[in-house]
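>>> Here is my input; please provide its structure:
(one chain, ligands or ions: 2)
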Amino acid sequence: MNIKTKLDGPELPIILHRGTMHEINIMLNGEPRVANVEPRLLLTDFLRHSLGATGTHVGCEHGVCGACTVRIDGVAQRACLTLAVQCAGRRVDTIEGLAGDQHPLGDLQMAFKRHHALQCGFCTAGILMSCADWLERPHMAVPTETEVREMLSGHLCRCTGYAPIVAAVLDVAQARALARKTAGEPGHA
Ligand code: FES
Ligand code: FES
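Numbers count the residues shown, from 1 in each chain. Ligands and ions are numbered 1, 2, ... in the order given. Prediction:
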(Lines give C-alpha, C1' and ligand atoms only; values in the text may rest on other atoms or scores of the structure.)
(Ligands and ions follow the chains in the order given, each with its own letter.)
Protein backbone atom coordinates (compact mmCIF):
# COMPACT_ATOMS: atom_id res chain seq x y z
CA MET A 1 0.00 0.00 0.00
CA ASN A 2 1.49 3.30 -1.10
CA ILE A 3 0.36 6.03 1.29
CA LYS A 4 1.18 9.71 1.63
CA THR A 5 1.79 10.21 5.32
CA LYS A 6 3.90 12.08 7.83
CA LEU A 7 4.57 8.98 9.99
CA ASP A 8 8.25 9.78 10.41
CA GLY A 9 8.69 13.42 9.58
CA PRO A 10 8.21 15.05 6.17
CA GLU A 11 5.24 13.99 4.09
CA LEU A 12 6.45 11.29 1.71
CA PRO A 13 4.88 8.32 -0.03
CA ILE A 14 5.90 5.24 1.99
CA ILE A 15 5.03 1.57 1.79
CA LEU A 16 2.97 0.15 4.63
CA HIS A 17 2.24 -3.56 4.70
CA ARG A 18 -1.08 -5.20 5.41
CA GLY A 19 -1.32 -6.60 8.92
CA THR A 20 1.53 -4.50 10.32
CA MET A 21 0.87 -2.03 13.12
CA HIS A 22 2.12 1.55 13.08
CA GLU A 23 2.29 3.97 15.95
CA ILE A 24 0.73 7.29 15.08
CA ASN A 25 0.44 10.53 17.00
CA ILE A 26 -2.42 12.87 16.34
CA MET A 27 -3.67 16.01 18.02
CA LEU A 28 -7.36 15.27 18.62
CA ASN A 29 -9.26 18.43 19.52
CA GLY A 30 -6.08 19.86 20.94
CA GLU A 31 -5.16 16.77 22.99
CA PRO A 32 -2.21 14.59 21.96
CA ARG A 33 -3.23 10.96 21.33
CA VAL A 34 -1.04 7.98 20.45
CA ALA A 35 -2.24 4.66 19.07
CA ASN A 36 -1.12 1.64 17.08
CA VAL A 37 -3.09 1.16 13.89
CA GLU A 38 -3.16 -1.06 10.83
CA PRO A 39 -2.64 0.74 7.51
CA ARG A 40 -6.17 -0.16 6.37
CA LEU A 41 -7.95 1.37 9.39
CA LEU A 42 -10.30 4.15 8.36
CA LEU A 43 -10.22 7.42 10.25
CA THR A 44 -13.93 6.99 11.06
CA ASP A 45 -13.28 3.66 12.80
CA PHE A 46 -10.14 5.01 14.46
CA LEU A 47 -12.00 7.98 15.91
CA ARG A 48 -15.08 6.07 16.99
CA HIS A 49 -13.68 2.73 18.12
CA SER A 50 -10.09 3.45 19.13
CA LEU A 51 -10.40 6.98 20.52
CA GLY A 52 -14.06 7.00 21.61
CA ALA A 53 -14.89 10.10 19.55
CA THR A 54 -18.32 8.81 18.56
CA GLY A 55 -19.67 12.22 17.59
CA THR A 56 -18.33 11.58 14.10
CA HIS A 57 -21.08 9.66 12.32
CA VAL A 58 -20.86 7.09 9.55
CA GLY A 59 -23.52 7.05 6.86
CA CYS A 60 -22.69 6.01 3.32
CA GLU A 61 -19.03 5.12 3.90
CA HIS A 62 -18.10 6.21 0.40
CA GLY A 63 -17.82 9.96 0.50
CA VAL A 64 -21.33 11.00 -0.49
CA CYS A 65 -23.39 11.91 2.57
CA GLY A 66 -20.91 14.06 4.51
CA ALA A 67 -21.93 12.67 7.91
CA CYS A 68 -18.33 11.71 8.72
CA THR A 69 -16.81 15.15 8.02
CA VAL A 70 -14.01 16.22 10.37
CA ARG A 71 -11.29 18.83 10.07
CA ILE A 72 -7.75 17.69 9.33
CA ASP A 73 -5.23 20.48 9.85
CA GLY A 74 -8.23 22.80 9.73
CA VAL A 75 -9.67 21.58 6.43
CA ALA A 76 -13.01 19.77 6.30
CA GLN A 77 -12.48 16.23 5.01
CA ARG A 78 -14.38 12.95 4.72
CA ALA A 79 -13.15 10.69 7.50
CA CYS A 80 -14.61 7.66 5.68
CA LEU A 81 -12.25 8.30 2.76
CA THR A 82 -9.21 8.87 4.96
CA LEU A 83 -6.94 6.29 6.55
CA ALA A 84 -5.92 6.78 10.15
CA VAL A 85 -2.23 6.54 9.20
CA GLN A 86 -2.66 9.51 6.86
CA CYS A 87 -3.39 11.62 9.94
CA ALA A 88 -0.10 10.83 11.66
CA GLY A 89 1.41 14.07 12.89
CA ARG A 90 -1.71 16.06 12.04
CA ARG A 91 -4.38 17.91 13.95
CA VAL A 92 -7.81 16.30 13.77
CA ASP A 93 -10.82 18.23 15.01
CA THR A 94 -14.19 16.60 15.58
CA ILE A 95 -17.55 17.78 16.83
CA GLU A 96 -16.49 17.02 20.41
CA GLY A 97 -14.06 19.95 20.29
CA LEU A 98 -16.12 22.38 18.23
CA ALA A 99 -17.31 24.58 21.09
CA GLY A 100 -13.75 25.14 22.30
CA ASP A 101 -13.64 27.90 24.87
CA GLN A 102 -17.34 28.58 24.30
CA HIS A 103 -18.16 25.26 25.99
CA PRO A 104 -20.74 23.72 26.17
CA LEU A 105 -21.99 25.08 22.83
CA GLY A 106 -20.29 27.31 20.29
CA ASP A 107 -22.02 29.99 18.24
CA LEU A 108 -22.68 27.60 15.34
CA GLN A 109 -24.25 25.03 17.61
CA MET A 110 -26.34 27.68 19.36
CA ALA A 111 -27.58 28.95 16.00
CA PHE A 112 -28.53 25.43 14.92
CA LYS A 113 -30.46 25.06 18.16
CA ARG A 114 -32.16 28.45 17.74
CA HIS A 115 -33.21 27.78 14.15
CA HIS A 116 -34.24 24.15 14.74
CA ALA A 117 -31.63 23.15 12.16
CA LEU A 118 -31.56 19.53 13.23
CA GLN A 119 -34.06 16.79 13.85
CA CYS A 120 -32.55 13.30 14.12
CA GLY A 121 -29.10 14.93 14.20
CA PHE A 122 -27.36 12.23 12.18
CA CYS A 123 -26.03 14.69 9.60
CA THR A 124 -25.41 17.52 12.06
CA ALA A 125 -21.87 16.86 13.27
CA GLY A 126 -20.54 16.64 9.73
CA ILE A 127 -22.39 19.76 8.62
CA LEU A 128 -21.13 21.72 11.60
CA MET A 129 -17.53 20.73 10.88
CA SER A 130 -17.84 21.83 7.25
CA CYS A 131 -19.43 25.11 8.35
CA ALA A 132 -16.69 25.66 10.92
CA ASP A 133 -14.00 25.40 8.24
CA TRP A 134 -15.92 27.41 5.63
CA LEU A 135 -16.86 30.29 7.91
CA GLU A 136 -13.24 30.71 9.02
CA ARG A 137 -12.01 31.20 5.46
CA PRO A 138 -11.43 34.78 4.37
CA HIS A 139 -14.72 36.24 3.13
CA MET A 140 -14.94 39.75 1.72
CA ALA A 141 -18.58 39.88 2.71
CA VAL A 142 -21.25 37.83 4.40
CA PRO A 143 -22.00 34.80 2.19
CA THR A 144 -25.21 34.76 0.22
CA GLU A 145 -27.90 32.13 0.66
CA THR A 146 -26.80 30.62 -2.67
CA GLU A 147 -23.21 30.33 -1.45
CA VAL A 148 -24.34 28.69 1.78
CA ARG A 149 -26.45 26.21 -0.18
CA GLU A 150 -23.49 25.45 -2.46
CA MET A 151 -21.31 24.81 0.59
CA LEU A 152 -23.99 22.53 2.04
CA SER A 153 -24.31 20.60 -1.21
CA GLY A 154 -21.69 18.20 0.06
CA HIS A 155 -24.03 17.06 2.82
CA LEU A 156 -27.24 15.05 2.83
CA CYS A 157 -29.92 15.77 5.41
CA ARG A 158 -33.05 13.66 5.29
CA CYS A 159 -34.99 15.59 7.93
CA THR A 160 -34.81 19.35 7.81
CA GLY A 161 -35.30 20.40 4.20
CA TYR A 162 -32.11 22.48 4.62
CA ALA A 163 -33.90 25.85 5.07
CA PRO A 164 -33.27 26.08 8.84
CA ILE A 165 -29.65 25.00 8.35
CA VAL A 166 -29.13 27.77 5.80
CA ALA A 167 -30.75 30.27 8.17
CA ALA A 168 -28.47 29.20 11.03
CA VAL A 169 -25.31 29.48 8.93
CA LEU A 170 -26.30 32.92 7.62
CA ASP A 171 -27.10 34.01 11.17
CA VAL A 172 -23.60 33.07 12.37
CA ALA A 173 -21.91 34.56 9.30
CA GLN A 174 -23.69 37.87 9.87
CA ALA A 175 -22.93 37.90 13.59
CA ARG A 176 -19.24 37.17 12.98
CA ALA A 177 -19.02 39.81 10.26
CA LEU A 178 -20.54 42.36 12.62
CA ALA A 179 -18.06 41.34 15.34
CA ARG A 180 -15.14 41.74 12.91
CA LYS A 181 -16.43 45.15 11.84
CA THR A 182 -16.86 46.25 15.43
CA ALA A 183 -13.31 45.10 16.15
CA GLY A 184 -12.13 47.21 13.20
CA GLU A 185 -10.60 44.35 11.23
CA PRO A 186 -9.33 45.37 7.78
CA GLY A 187 -11.71 44.70 4.87
CA HIS A 188 -14.77 45.21 7.03
CA ALA A 189 -15.29 48.93 6.99
S1 FES B 1 -19.95 8.36 5.74
FE2 FES B 1 -18.39 9.55 4.87
S3 FES B 1 -19.38 10.69 3.33
FE4 FES B 1 -20.93 9.35 4.07
S1 FES C 1 -31.28 16.13 10.94
FE2 FES C 1 -31.75 14.08 10.37
S3 FES C 1 -30.48 13.74 8.63
FE4 FES C 1 -30.22 15.82 9.06
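
>>> Let me know the secondary structure of the residue nearest to the spatial centre of the chain.
Compute the mean C-alpha point of the chain, and by Cα atoms, centre = their mean the closest residue is residue 70, 2.6 Å away. Look at residue 70: counting by DSSP: H, G, I helix; E, B strand; the rest coil, its state is strand.

>>> Looks to me like residue 24 is in a strand.
Yes: going by three-state DSSP, the assignment for residue 24 places it inside a strand.

>>> list the contacts for the residue nearest to the centre of the chain?
43, 47, 56, 76, 77, 79, 92, 93, 94, 129 (Cβ atoms under 8 Å, 6 or more residues apart in numbering). Glycine gets a C-beta too; all of them are placed from N, C-alpha and C.

>>> Name the nearest residue to residue 78, ignoring sequence neighbours.
Leaving out its chain neighbours, the residue that sits closest to residue 78 by Cβ to Cβ, 6 or more residues apart in numbering is residue 63, at 4.9 Å.

>>> how about the residues of the protein that lie near ligand 2?
For the chain, the residues in contact with ligand 2 (Cβ under 6 Å from any ligand atom) are 118, 119, 120, 121, 122, 123, 124, 157, 158, 159, 160.

>>> Could you find the closest non-adjacent residue to the second one?
Using Cβ to Cβ, 6+ apart and skipping residues adjacent in sequence, the residue nearest residue 119 is residue 159, 3.6 Å away.

>>> That concludes my questions; thank you for your assistance.
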